[in-house]
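Undergrad: Based on what follows, work out the 3D shape:
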Amino acid sequence: MGNEDERTFLQKASGQWNDFRTFLWNKNEKTVLGRNGKSWAQIGLFYLVFYTCLAVFWAIMLIVFLQTITDDQPKFKSYIGTPGLYQIPKFSEKLNPIKFDVQNEKTYLGYVKELQTVYDEYLERNGNGNYSSCVGNEIRDFDGVREEICEFDIEEQFGDVCKPPHFGYKFGKPCIFVGLNRVWGWKPENYPSDGIPDAIKKTHEENFITVACQVYKDAQTLLNSTMIAPVPGFSFKYYPFLGAINDNYKDMYVSPLVAIQFDLSVKNREVRLVCQSYAANIEPGNGLFDTSYRSELRIDMTITDKS
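TA: As a prediction, the model looks like this:
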């Protein structure tokens, strides 16, 4: 019947292609993509002015923002007022709780490898860095600029506590390393003579952040002893951390560690241990990360002996 609907597929495709070519360039109306030269000039001018204004506005906002920050310290640091404890081996699905068989090396090999990795890193950094011996334990802060970088000789600091290659696991006296998170500019403070907590009165020393561990809920009969090195914890001489001021200092700074070795009095039973750090200004921050504890770490530990 000659109806348009009866056109073949190729005829329809050819017609659509011709329409598309006309849309791209209409030689009769002298238009490109449906617009003539005047229309393209108008829309081009509009977007040129629009994006120029947008770029100027963005640049002004960036300049204003840069006036509020400095190169020598972070702008926002109040949400983390005090450092928290962290543990090595780190918590993970495979390594938490700490559970191993004294007679089966494979059960504690993962813990030992992680401790050995950190131990070797500290040995290497101490040997390659230009560190100061930093006699004394006082805070090193020279009007906000700190060029002196105190060494942390892990072999000397730990002594006979938590020694490689087994870090006590082979003998059923497992070790962990604990450290404090870096908080820019934070300075530990000494307790007044009459304000030392009862939990650390026997071990506390001036110019140290004391570390103390006990069995959760005071079930001390489950724990024979705890050895800590260096005694009693973190020396003040490594604080404050001012890494943002000096890139060389930031790269070389080594966070101090404390080695803790546990001697449990029971086997084949899970024991929950609590380790805390003590300083006059380590208190709950009453902020986003507030807890009801001082800087605290909980470790669940089970030692079995299938000999």
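Undergrad: quick one: secondary structure of D120?
TA: Here D120 is helix, with the state taken from DSSP: H, G, I helix; E, B strand; the rest coil.
Undergrad: For it, grab the count of nearby residues.
TA: 12 (other CB atoms under 10 Å). C-betas here are computed from N, CA, C, even on glycine.
Undergrad: Spit out the contact partners of it.
TA: The contact partners of D120, by CB atoms under 8 Å, 6 or more residues apart in numbering, come to none.
Undergrad: ditto for F100
TA: Taking CB under 8 Å, 6+ apart, one finds 107-108, 111, 169, 174, 302-304 in contact with F100.
Undergrad: switch to 6 Å and redo it
TA: 107-108 (CB atoms under 6 Å, 6 or more residues apart in numbering).
Undergrad: Tell me what it is bridged to.
TA: For F100, the beta-bridge partners are I303 (DSSP bridges).
Undergrad: pLDDT at it, what is it?
TA: Looking at F100, its pLDDT is 90.
Undergrad: Tell me the spacing between it and I228.
TA: 21 Å (CB to CB, to the nearest Å).
Undergrad: now I282
TA: In terms of CB to CB, I282 sits 17 Å off from I228.
Undergrad: now do N137
TA: 16 Å.
Undergrad: Tell me which of those two has more neighbours.
TA: Higher neighbour count among N137 and I228: I228, with 21 against 17, using other CB under 10 Å.
Undergrad: How much space separates G34 from D19?
TA: Per CB to CB, G34 is found 12 Å from D19.
Undergrad: Check F262 too.
TA: Applying CB to CB to F262 and D19 gives a distance of 82 Å.
Undergrad: Name the residue in these two with the higher neighbour count.
TA: F262 (24 against 9).
Undergrad: Which secondary structure state is assigned to that one?
TA: Looking at F262 with three-state DSSP, the answer is strand.
Undergrad: Contacts only, for it.
TA: Here F262 is in contact with 174, 226 (CB under 6 Å, 6+ apart).
Undergrad: Number of residues surrounding the residue nearest to N36 when sequence neighbours are not counted?
TA: Spatially, and ignoring its direct neighbours in sequence, N36 is nearest to K30 (6.0 Å; CB to CB, 6 or more residues apart in numbering). Close neighbours of K30, defined as other CB under 10 Å, add up to 9.
Undergrad: Let me know the pLDDT of K30.
TA: For K30, the pLDDT comes out at 77.
Undergrad: Can you list phi and psi of it for me?
TA: phi 60, psi 50 (degrees, to the nearest 10).
Undergrad: what is V178 paired to in the beta sheet?
TA: If you apply DSSP bridges, the partners that V178 bridges to are Q87, V258.
Undergrad: Tell me how many other residues surround it.
TA: Using other CB under 10 Å, V178 has 22 neighbouring residues.
Undergrad: ok, it to E124 distance?
TA: 21 Å.
Undergrad: can you map out the helices along the stretch 51-200 of the chain?
TA: 109-128, 154-158 (DSSP state H, counting those that start in this stretch).
Undergrad: Take those helices and lay them out in a markdown table including distance to E6 and mean pLDDT.
TA: Output for the helices of the stretch 51-200 of the chain, formatted as a markdown table (distance: least, CB to CB, whole Å; pLDDT from 0 to 100):
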| stretch | distance to E6 | mean pLDDT |
| --- | --- | --- |
| helix 109-128 | 76 | 89 |
| helix 154-158 | 89 | 94 |
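Undergrad: for the ones you listed, which one sits closest to L222?
TA: helix 109-128 (20.0 Å; CB to CB).
Undergrad: what angle separates the closest one from strand 257-264?
TA: 150 degrees (axes from the mean of the first three to the mean of the last three CA atoms, to 10 degrees).
Undergrad: Tabulate the CA atom coordinates of helix 109-128 in PDB.
TA: Taking C-alpha atoms only, helix 109-128 is exported to PDB below (Å, rounded to 0.1, in the frame of the first residue of the first chain):
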ATOM      1  CA  LEU A 109      53.700 -18.400  65.600                       C
ATOM      2  CA  GLY A 110      51.500 -15.500  64.400                       C
ATOM      3  CA  TYR A 111      52.000 -13.600  67.600                       C
ATOM      4  CA  VAL A 112      55.700 -14.100  67.600                       C
ATOM      5  CA  LYS A 113      56.100 -13.000  64.000                       C
ATOM      6  CA  GLU A 114      54.300  -9.800  64.600                       C
ATOM      7  CA  LEU A 115      56.300  -9.000  67.700                       C
ATOM      8  CA  GLN A 116      59.500  -9.900  65.900                       C
ATOM      9  CA  THR A 117      58.600  -7.600  63.000                       C
ATOM     10  CA  VAL A 118      58.100  -4.600  65.300                       C
ATOM     11  CA  TYR A 119      61.200  -5.500  67.300                       C
ATOM     12  CA  ASP A 120      63.400  -5.600  64.100                       C
ATOM     13  CA  GLU A 121      61.900  -2.300  62.900                       C
ATOM     14  CA  TYR A 122      62.900  -0.600  66.100                       C
ATOM     15  CA  LEU A 123      66.400  -2.100  65.900                       C
ATOM     16  CA  GLU A 124      66.800  -0.900  62.400                       C
ATOM     17  CA  ARG A 125      65.600   2.700  63.000                       C
ATOM     18  CA  ASN A 126      67.700   3.100  66.100                       C
ATOM     19  CA  GLY A 127      70.800   2.000  64.100                       C
ATOM     20  CA  ASN A 128      70.100   4.300  61.200                       C
END
